[in-house]
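K.L.:
no sequence for this one, just the structure:
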Ligand code: FAD
C-alpha cells in the first residue's frame, strides 16, 4: 500500500539523521511535512524573542531544504490533538511519523495524538534521534533506575556500546515517487509567520549572532571540526566564562532545536579524535554530550524532575520568596557587575557560557539571594536559545546543590570568580558600558571606588548603578548554615546524603574536574 504521510516536526528540525522522516518516505506517495505552532507551548512566557527568531529561522531553513526535494513545510496553528485529527481527515492520511521526545509534556501529548491517530486507522511510527541513546534502554540497563552519577552513566554507555551512527538526509532519489501536494495558497494557509505577524515586539532584538537552522548548524559544526588541535585538547574547565567571543562551541541551540543531530556531533568528534591524542570525558567534548545524556536519563527516570516538591532526589530547601531580589537578578540590577554583565548577555544574545551559568545560578540560589532554583529555571527557559527542559532542570538542581552535587559550602564569589579569567573586566565593559571607564582595580567592585574615581568614570554608585544587593561575604556564610540545616533534615535513605562532607575547598577548576566523581 502506498501511504499518505504526515511527518510531524517538533524538535528535530533537520533532514540529516532523521530516521522518522525516512520511515515516512517508505512506500509513500504523498508527504506532508508539518510543524504545529501550539499557543500553550509557543507563548511569550516560555519563549523569549531571541528564541522566537531562532525558531522561525530554523523553520525557514527547513522549508528551503524541503523545497530542494520538491516538498514544502506546512505550518499550522493550534493544539496538536485538535489540529492533527482534522488534517488526517482532510488529507486522507494513513501514516504519522515523529521523533521520540522524552519531556513529560511531550510524552502526554504524543500519547493522546497516538490514540487519536489509531482511532482513525492512521499508523504511527516514532524513532529515537534526539539523544545519543534510547534513554529507556539506558534506564533498563540500570534496573529501571536513573544513574545518579556520571561515572555510572559512562559505565552503562560502555555496556551498550557507541551511539548509533547518523543516517544521511533524504535525497531526490528517496523522493522520486513522493509528492507533496501544495496549492498556490500555500503561503497564506501554511506559510511560516514572521515575528511581526505573530505580534511579537522585535525592538529588543540585536544582531542575529546564532541564526537558526540546519544549514547554519552543519556549517558551524564543520568550522569547529576543522580545528583538530582545539577539539582534541578541549577541557571544559579550561574554557572561559567571560571571553569576548564564546570559548565553547555554542552548538547547544542547534542541538536543542534538533537542527543538529547529537549523534552527528558525536561521530564527527570521533573522526577528529581518531589517531590523535585527545581529552576524555567528563571534560572533553564527547564528555559534554554525555552530560546531556546524563540529565536526559535523570529527567525521564525521576518524576517531577523540574520541581523541588515531589522530586525524590531533590533536597527540600526553605527558599525565600523575594520578588524584588528575583527581579533585580533577572534585570541585571544586583550591583555585582560580573553577575549583571552575564544576565545582560543572556537577555541580549540568548547564550551564556556554562561557567557563567554557574555563577549566576549559584548567586540566585544557595550563594546569595536564597531564591528557589525553580525561579531561575523559568528565567533561563525564556531567555536561553538552548532552553531545554531536562538540561535546565538538571543543571539548576546541580548548581543549587539540591541534587547530584552536594558540596554546598563551595560558593562562587561574584567578584573573584570572574577576575580569574578577565582581570581587566573587558567582559563587564562590553555588557555594562556604563561601567566601562572604571579602572580595572574597581570594575568588579565599583562601590569601593572613591567618589572622585566614580565621578571621573561618569557613574555614581547608588545613582547610576546600584549598590550591591547583598553583602556576599556575610550572606553566603549565613546561607551555608541554612543549607546545612536543609541537609540535616534529609531522610536517611535520601540519595547521597552522606556525600555532603566538608573537606578542604579546592579551586573551582578542580571542583569541575571532579564533577564526574562527585555524587
Ligand atoms: P559545549 O561546551 O560546546 O558542549 C557541547 C554540547 O554538550 C552542548 O551544546 C550541549 O548540548 C552539551 N552540554 C554541554 N554542557 C552540558 C551540561 N552541563 N549539561 C548538559 N549538556 C551539556 N544546556 C542546554 O542545552 N539547555 C539548557 O537549558 C541549559 N540550562 C542550564 C542551566 C544551568 C543553571 C547550567 C549551569 C547549565 C545549563 N546548560 C543548559 C548546560 C550548559 O551550560 C550548556 O549546554 C552549554 O553551556 C552550551 O554551550 P556550548 O554549546 O558552547 O557547550
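P.N.:
Arrived safely. Being a predicted model, the structure only gives us computed values, none of them experimental.
K.L.:
is it true that residue 171 lies in a helix?
P.N.:
No: in this structure, residue 171 is coil, not part of a helix, as judged by DSSP: H, G, I helix; E, B strand; the rest coil.
K.L.:
pLDDT weak spots in the stretch 351-500 of the chain?
P.N.:
Residues of the stretch 351-500 of the chain that meet the criterion pLDDT under 70 lie in 492-500.
K.L.:
which stretches of it form helices?
P.N.:
354-362, 373-383, 389-399, 416-421, 426-431, 440-443, 451-457, 472-488 (DSSP state H, counting those that start in this stretch).
K.L.:
and the second one, what does it pack against?
P.N.:
The criterion is 3 or more CB pairs under 8 Å, 6 or more residues apart in numbering; DSSP states H and E, and the helices and strands that helix 373-383 contacts are helix 49-67, helix 323-330, helix 337-349, helix 354-362, helix 389-399. All C-beta atoms are positioned from the backbone trio N, CA, C, and that covers glycine.
K.L.:
how far off helix 373-383 does the first one point, in degrees?
P.N.:
The directions of helix 49-67 and helix 373-383 differ by 50 degrees, with axes from the mean of the first three to the mean of the last three CA atoms, to 10 degrees as the criterion.
K.L.:
so residue 211 touches residue 57, yeah?
P.N.:
Yes: look at residue 211 against residue 57 with CB atoms under 8 Å: they come within range, at 5.1 Å.
K.L.:
mind listing what's buried in stretch 136-151?
P.N.:
For stretch 136-151, the buried set under the neighbour-count rule, 16 or more other CB atoms under 10 Å, comprises 138-139, 141-142, 146-150.
K.L.:
now do the same end-to-end measure for that stretch.
P.N.:
End-to-end distance for stretch 136-151, by CA to CA, to the nearest Å: 18 Å.
K.L.:
chain center to that stretch: distance?
P.N.:
21 Å (CA atoms, centre = their mean, to the nearest Å).
K.L.:
how about stretch 188-199?
P.N.:
26 Å.
K.L.:
near the ligand, which residues of the protein show up?
P.N.:
Contact residues, the chain versus the ligand (CB under 6 Å from any ligand atom): 236, 248-252, 255-256, 285, 288-289, 291-292, 295, 353-354, 357-358, 361, 380, 384, 386-388, 391-392, 395-396, 399.
K.L.:
on that earlier part again, compare neighbour counts for residue 211 and residue 57 and give me the winner.
P.N.:
residue 57 (20 against 17; other CB atoms under 10 Å).
K.L.:
out of everything not next to it in sequence, what's closest to that one?
P.N.:
residue 212 (3.2 Å; CB to CB, 6 or more residues apart in numbering).
K.L.:
got the buried residues of stretch 136-151 as CSV, with secondary structure columns?
P.N.:
CSV is the format used below for the buried residues of stretch 136-151 (three-state DSSP):
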residue, secondary structure
138, helix
139, helix
141, helix
142, coil
146, coil
147, coil
148, coil
149, coil
150, helix
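K.L.:
and which of the residues you listed is nearest residue 43?
P.N.:
Looking at those and their distance to residue 43, the nearest is residue 146, at 30.1 Å (CB to CB).
K.L.:
pLDDT wise, what is the closest residue to the closest one other than its chain neighbours at?
P.N.:
Counting by CB to CB, 6+ apart, residue 301 is the residue found nearest to residue 146 once chain neighbours are left out, at 3.0 Å. Confidence at residue 301, expressed as pLDDT, is 95.
K.L.:
in the chain, which strand has the most residues?
P.N.:
If you go by DSSP state E, the chain has its longest strand at strand 28-37.
K.L.:
which stretches in the stretch 151-300 of the chain count as helices?
P.N.:
Under DSSP H, counting those that start in this stretch, the stretch 151-300 of the chain gives helices at 186-190, 214-225, 228-233, 252-256, 262-273, 285-301.
K.L.:
okay if I get the ones you listed as CSV plus mean neighbour count?
P.N.:
Shown next, in CSV, are the helices of the stretch 151-300 of the chain (neighbours: other CB atoms under 10 Å):
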stretch, mean neighbour count
helix 186-190, 13
helix 214-225, 18
helix 228-233, 15
helix 252-256, 24
helix 262-273, 20
helix 285-301, 23
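K.L.:
could the buried residues of stretch 136-151 go into CSV alongside distance to residue 33 and pLDDT?
P.N.:
Formatted as CSV, those follow (distance: CB to CB, whole Å; pLDDT from 0 to 100):
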residue, distance to residue 33, pLDDT
138, 30, 97
139, 31, 96
141, 34, 96
142, 36, 95
146, 34, 95
147, 36, 95
148, 39, 94
149, 40, 96
150, 37, 97
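K.L.:
could you single out the nearest of those residues to residue 169?
P.N.:
Among these, and counting by CB to CB, the member closest to residue 169 is residue 138, at 26.9 Å.
K.L.:
ok, the closest one - contacts?
P.N.:
By CB atoms under 8 Å, 6 or more residues apart in numbering, residue 138 lies in contact with 147, 153, 156-157, 160, 293, 297.
K.L.:
so which strand or helix has residue 42?
P.N.:
Using DSSP states H and E, residue 42 is not contained in any helix or strand.
K.L.:
before we move on, back to that, quick one, what contacts the residue nearest to residue 146?
P.N.:
139, 144-146 are the contacts of residue 301 under CB under 8 Å, 6+ apart.
K.L.:
pick the one among those closest to the ligand.
P.N.:
residue 146 (14.4 Å; CB to the nearest ligand atom).
K.L.:
residues touching that closest one, list them.
P.N.:
Counted by CB under 8 Å, 6+ apart, residue 146 has contacts 139, 297-298, 300-302.
K.L.:
I'd like to know how far residue 223 sits from the ligand.
P.N.:
Distance of residue 223 to the ligand, given as CB to the nearest ligand atom, to the nearest Å: 13 Å.
K.L.:
pretty sure residue 345 sits against residue 359.
P.N.:
No: the criterion here is CB under 8 Å, and residue 345 misses it with residue 359 at 11.6 Å.
K.L.:
between these two, who's got more neighbours?
P.N.:
residue 359 (25 against 20).
K.L.:
list the contacts for the residue nearest to residue 179 when sequence neighbours are not counted?
P.N.:
Excluding the flanking residues, the one nearest residue 179 by CB to CB, 6+ apart is residue 30, at 5.6 Å. Taking CB under 8 Å, 6+ apart, we find residue 30 in contact with 3-5, 91, 178-181.
K.L.:
could you dump the residues you listed to CSV with neighbour count and distance to residue 16?
P.N.:
Below are the contacts of residue 30 laid out as CSV (neighbours: other CB atoms under 10 Å; distance: CB to CB, whole Å):
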residue, neighbour count, distance to residue 16
3, 19, 23
4, 18, 24
5, 28, 19
91, 16, 26
178, 21, 18
179, 13, 22
180, 18, 19
181, 11, 25
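K.L.:
closest one to residue 465 out of these, please.
P.N.:
residue 180 (55.8 Å).
K.L.:
how much space between the closest one and residue 450?
P.N.:
According to CB to CB, to the nearest Å, residue 180 stands 70 Å off from residue 450.
K.L.:
what sits against residue 413?
P.N.:
Contacts of residue 413 by CB under 8 Å, 6+ apart are residue 472.
K.L.:
what of residue 155?
P.N.:
Contacts of residue 155 (CB under 8 Å, 6+ apart): residue 147.
K.L.:
and the residue lying closest to residue 330 once chain neighbours are set aside, how many neighbours does it have?
P.N.:
Closest residue to residue 330 apart from its sequence neighbours, by CB to CB, 6+ apart: residue 379 at 5.2 Å. Burial of residue 379 is recorded as 20 neighbouring residues (other CB under 10 Å).
K.L.:
can you tell me the SS state at residue 144?
P.N.:
Criterion first, three-state DSSP; result for residue 144: coil.
K.L.:
how confident is the prediction for residue 84, by pLDDT?
P.N.:
On the pLDDT scale, residue 84 gets 98.
K.L.:
wait, I meant residue 507
P.N.:
39.
K.L.:
repeat that for residue 1.
P.N.:
79.
K.L.:
and what of the one 4 residues further on?
P.N.:
Looking at residue 5, its pLDDT stands at 98.
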